[in-house]
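Asks: next one to model:
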Amino acid sequence: MDILQHLITEIDKSLTIIQNDFDNYQNEFFTKKPPEFFCLELNGEAGELANLEKKIWKGRDIHLDDLAEEASDVFIALMNYCNSRKIDLAVALSNKLKKIEEIRLIRKEHGLDY
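Replies: From the prediction side, this is the model:
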């Protein structure tokens, strides 16, 4: 099995379970919010992560724990957004990876990096 097929198999197997568990957790313990809220939250959390990267780029010492926390917030917000929009992230991600691989192979044939 090639690396892409292995990755897709693992995504299909694991991400579906993770996404469903996030949905159950969100529905059990938190107030229902519309997809637009989660989209805005996702952008806000990604912005906070980007701000830490900007600080690193400028030479500030940012702890890995801070980056990990913000990355986790982005992941949680993405899970909540996908669930609120009924997006099967495993299917969407697998499809996207296949498209990326098609483009990568075409570019490789032409001696180009992706």
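Asks: so who does Asp61 touch?
Replies: Under the criterion of CB atoms under 8 Å, 6 or more residues apart in numbering, Asp61 has no contact partners. No exception for glycine: its C-beta is placed from N, CA and C like everyone else's.
Asks: got a pLDDT number for Ser72?
Replies: At Ser72, the predicted lDDT confidence score is 98.
Asks: could you look up the SS state of it?
Replies: helix (DSSP: H, G, I helix; E, B strand; the rest coil).
Asks: so how far is Lys13 from it?
Replies: Going from Ser72 to Lys13 by CB to CB, to the nearest Å gives 22 Å.
Asks: and for Asp2?
Replies: Separation of Asp2 from Lys13 (CB to CB) stands at 17 Å.
Asks: do the same with Ser84
Replies: As for Ser84, its distance to Lys13 is 23 Å (criterion: CB to CB).
Asks: more neighbours: those two, which one.
Replies: Ser84 (18 against 10; other CB atoms under 10 Å).
Asks: who's in contact with the more buried one?
Replies: Contacts for Ser84 (CB under 8 Å, 6+ apart) come out as Lys33, Pro34, Pro35, Phe37, Phe38.
Asks: those, buried ones only, as a PyMOL selection?
Replies: Provided next is the PyMOL selection string for whichever of these are buried by 16 or more other CB atoms under 10 Å:
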select buried, resi 38
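Asks: will you turn the contacts of Ser84 into a markdown table that also has secondary structure and distance to Arg104?
Replies: Formatted as a markdown table, these follow (DSSP: H, G, I helix; E, B strand; the rest coil; distance: CB to CB, whole Å):
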| residue | secondary structure | distance to Arg104 |
| --- | --- | --- |
| Lys33 | coil | 37 |
| Pro34 | coil | 37 |
| Pro35 | helix | 31 |
| Phe37 | helix | 35 |
| Phe38 | helix | 31 |
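Asks: how about the helices of this structure, start to end?
Replies: Ranges of helices within the chain are 3-10, 16-29, 35-57, 64-84, 89-109, based on DSSP state H.
Asks: check Tyr114 and give its pLDDT.
Replies: Listed pLDDT for Tyr114 reads 86.
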